[in-house]
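Visitor: The sequence and its predicted three-dimensional model are supplied below.
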Amino acid sequence: MSRWAVVVAAGKGERAGLGGNKVFFPVGGRSVLARCLDAFERCGRFDGIALVLSEADEPAFAALSGREGPFPLVKAIARGGATRRDSVRNGLKALPEDCENVAIHDAARPFVPDAVIEATMESAERFGSGVICTPVVDTIKQIMPDGRVVSPERDSLRAVQTPQAFDYRKILAAHERALEEDLPVTDDAMLFEHYYGGVSLVTAEGAEANKKLTTKADFDALNAVGTPDFRVGQGYDVHRLVEGRKLILCGVDISWEKGLDGHSDADVAVHALMDALLGALGLGDIGRHFPDTDSAYRGADSMKLLDAVMGMVRERGYRVGNADVTIVAQRPKLAPYIEDMRANLARGLGVDVARVNVKATTTERLGFEGESLGISAQAVALLVK
């Protein structure tokens, strides 16, 4: 038994206001269309997919295949028509003659669960049709031709979605007749009802998640809430040890015979942490924002510079998830200062001290750190939208 799917992706998506076909835009780092095709591949029930695209979007799909593919189940490309009805008919015409059952699905529903696909196909194999639906939760008002407003009984109403599965020959014949008669329909179930007297409605677990992405707000909500935006940055800095300078690390004044040389207070640990934050934001490094050629930063308190970087973090809608700083120094011993360092950084980052780690290590007297010629630091920071 040959089973195929027709995935309709030929719309313009104008209501989404994204400047192009919405199915090529990402939700959580993967495009809507790729997620949709993933779902049909994952369920393992189909011999192939006919993907319906507008001519203008065919290069975009070729690029998507190279970037997010391959999509081995896509075995036919059909051209989109002037209406959705025309597009679906073109997709059906692209299927092989031995196709027995077909699922028709809108690419703008990328989160279709396996159970939904299974339920519609099983119904189509048994009864000739299977249309996924959900109960209506809002009260519906119907405006009659004479202007009266009536309220249908809510328990008898269902909202239909895609996929909608059918006996292939029946739904193709229905589309051919609809073309001849110019029958206006909004979905394939409506067309099947018109010619065959009704459809088999089915429910399945997870149908509520089978949301159609229609407006820009739908994309914004999913990218902001459904798939959190995490950013990770890594920072590194090194300063020479010299006499006649204070040694300041993580904003803590360390009592020792030497200090770090630099344009500011040369707090190497805070500088590494700032670079990690800027890296996570994609904003370069501290030299770009606080150049040592600018006299305004001569002798600057690095904790105040950290405040400025945190302003950039907040302006872009992020917060710190956690931070980890490693200080590499042979001398002095830093263990007595670690907890004060953590507390300082936690205040600067605006997080609980449990989200900040500071550790110190030596190089077993190897390298410039081991010879006490300088101190280096590394940092990693996680930002959460």
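Guide: Nice, I can see it.
Visitor: Using the record, which stretches count as separate domains in this protein?
Guide: Structural domains assigned to the chain are 2-226, 230-384, following automatic domain parsing.
Visitor: Any idea what R30 is bridged to?
Guide: Taking DSSP bridges as the rule, R30 bridges to V27.
Visitor: What number of residues are in the vicinity of it?
Guide: Counted with other CB atoms under 10 Å, the neighbours of R30 add up to 13. From N, CA and C alone the C-beta is placed, and that goes for glycine too.
Visitor: re the thing from before, least reliable of the domains of the chain going by mean pLDDT?
Guide: Within the domains of the chain, confidence is poorest for domain 2-226, with a mean of 90 (mean pLDDT).
Visitor: helices or strands up against the helix or strand hosting L382?
Guide: Here L382 sits within strand 374-384, counting by DSSP states H and E. If you count contacts as 3 or more CB pairs under 8 Å, 6 or more residues apart in numbering; DSSP states H and E, strand 374-384 packs onto strand 230-243, helix 268-281, strand 319-328, helix 367-370.
Visitor: so how many other residues sit close to G130?
Guide: 28.
Visitor: S123 is in contact with that one, correct?
Guide: Yes: using CB atoms under 8 Å, G130 is in contact with S123, at 2.7 Å.
Visitor: intersection of neighbour lists for those two?
Guide: Common contacts of G130 and S123 (CB atoms under 8 Å, 6 or more residues apart in numbering): A165, S200, V202.
Visitor: Quick check: which helices or strands does the helix or strand where S87 lies pack against?
Guide: Per DSSP H and E: S87 is located in helix 84-93. If contacts are counted by 3+ CB pairs under 8 Å, 6+ apart, helix 84-93 sits against strand 2-8, strand 48-53, strand 74-79, strand 99-106, helix 168-181.
Visitor: Of all the residues in the third one, which ones are buried?
Guide: In other words, strand 74-79. Across strand 74-79, burial judged by 16 or more other CB atoms under 10 Å covers V74, K75, A76, A78.
Visitor: Tell me the one of those residues nearest S65?
Guide: The closest of those to S65 turns out to be V74 (CB to CB; 8.2 Å).
Visitor: got the contact list for the closest one?
Guide: L37, G48, I49, L51.
Visitor: and the first one, what helix or strand is that in?
Guide: For L37, the element it lies in under DSSP H and E is helix 32-43.
Visitor: Tell me which residues are up against that helix.
Guide: Contacts for helix 32-43 (CB under 8 Å, 6+ apart): 5, 7, 9, 22-27, 30, 46, 49, 51, 61, 64, 68-69, 71-74, 103, 105, 107-114, 117-118, 213.
Visitor: Please check those residues and keep the buried ones.
Guide: Among those, those classed as buried by 16+ other CB under 10 Å are 5, 7, 9, 22-25, 27, 46, 49, 51, 61, 64, 68, 71, 73-74, 103, 105, 107-114, 117-118, 213.
Visitor: contacting residues for R45?
Guide: R3, I117, E118, M121.
Visitor: Now, the residues you listed that are in helices?
Guide: I117, E118, M121 (DSSP state H).
Visitor: what about the closest residue to Y297 other than its chain neighbours, how many neighbours?
Guide: Sequence neighbours aside, F290 is the residue nearest to Y297 in space, at 5.0 Å (criterion: CB to CB, 6 or more residues apart in numbering). By other CB under 10 Å, 19 other residues sit near F290.
Visitor: Could you do A308 as well?
Guide: Using other CB under 10 Å, A308 has 13 other residues around it.
Visitor: The helix or strand harbouring it to helix 268-281, inter-axis angle?
Guide: Using DSSP H and E, the element containing A308 is helix 302-315. Angle of helix 302-315 versus helix 268-281, following axes from the mean of the first three to the mean of the last three CA atoms, to 10 degrees, is 10 degrees.
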